[in-house]
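Asks: with the sequence up front, the predicted model follows.
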Amino acid sequence: MLSVWFIAGPPFDTCLWADTARRLNDLGLHTHFHPLLRSGTGDIASEVQRLTSEIEASDHEVILVGQGTALPLVLDAALTGMLRGVVLANGVLDRPGPLSKSLFTLARLPNPIGKLLFHPSLSLRFLASSVGLRRTVINPYVMEHDTVVAICGPILTDPSIRTRAQNYLRSIAKTSKPRPKIDLPTLICWGDEDYLNVDNYKIFLDENKAITTLQTVSGGRFLHPVERPWEIADMIFDWSECGPTTT
């Protein structure tokens, strides 16, 4: 049986994908959320090990869906040979955008400054402000306070998870070697108005044309999984119905 697994990288939790998963359930697909940073050190190697152990124990064929800072983890998991396919939404592929660079910088700050800036009293207030996540969507009213708390709160309100999030971001920022090519059917759902990650997918697409399908989310910015969840779900469903196959 095919199952679509959702992950999200800090500062976002899997609530980011709630409406997309609900739509896929309505279309008849099984879905599963894999929250990051719930145990271990939080660095990317630890997270890959925890994820692949859970996939190995599953009775399903898994399509792994990620966004933002989760994309390096998705691509590392794709190298294990355990997945049926992967879906990549806007985020960190070959080079980080401004949001990711800012998160990496904050994660590298020495304690107690770094811990203070990641504290929810500051971070959630900033992310819910007019200069925060409202700039990552076309309609700023989508990013009202309760939505920001829902998608970021699980990561930022737990002290242990916050520490792992800093470790995770540090470990990604330290990875400078070229990422190995993957040999796995891949769907890219990329918002064409994402000024944070402009054309970030193009290098990946050029190097993996044989396995990759590109679906442009017209008018999508960085957080189109929140703003356009049904459109993303329908793209994933249609692609999964085709195999997924290489193009």
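Replies: Cool, got the structure.
Asks: could you use CA atoms for every contact and neighbour count after this?
Replies: Noted.
Asks: what distance do you get for the most centrally placed residue in the chain to Pro159?
Replies: With the centre of the chain defined as its mean C-alpha position, the nearest residue by C-alpha atoms, centre = their mean is Gln67, 2.1 Å away. Counting by C-alpha to C-alpha, to the nearest Å, the gap from Gln67 to Pro159 is 23 Å.
Asks: again with Arg134
Replies: With the distance defined as C-alpha to C-alpha, Arg134 ends up 25 Å from Pro159.
Asks: please say which of these two ends up with more neighbours.
Replies: Arg134 (19 against 14; other C-alpha atoms under 10 Å).
Asks: can you tell me the SS state at that one?
Replies: Applying DSSP: H, G, I helix; E, B strand; the rest coil to Arg134 yields a three-state assignment of helix.
Asks: contact partners for it?
Replies: Each residue near Arg134 by C-alpha atoms under 8 Å, 6 or more residues apart in numbering is listed here: Ala128, Pro140, Tyr141, Val142, Met143.
Asks: verify the contact between the last one and Ala128 for me.
Replies: Yes - under the contact definition of C-alpha atoms under 8 Å, Met143 touches Ala128, with a separation of 7.0 Å.
Asks: higher neighbour count, those two?
Replies: Of the pair Met143 and Ala128, Met143 is the one with more neighbours under other C-alpha under 10 Å, namely 25 against 19.
Asks: which pLDDT value goes with the more buried one?
Replies: Here the pLDDT value assigned to Met143 is 93.
Asks: Leu223 versus that one, what's the distance?
Replies: Distance of Met143 to Leu223, given as C-alpha to C-alpha: 9 Å.
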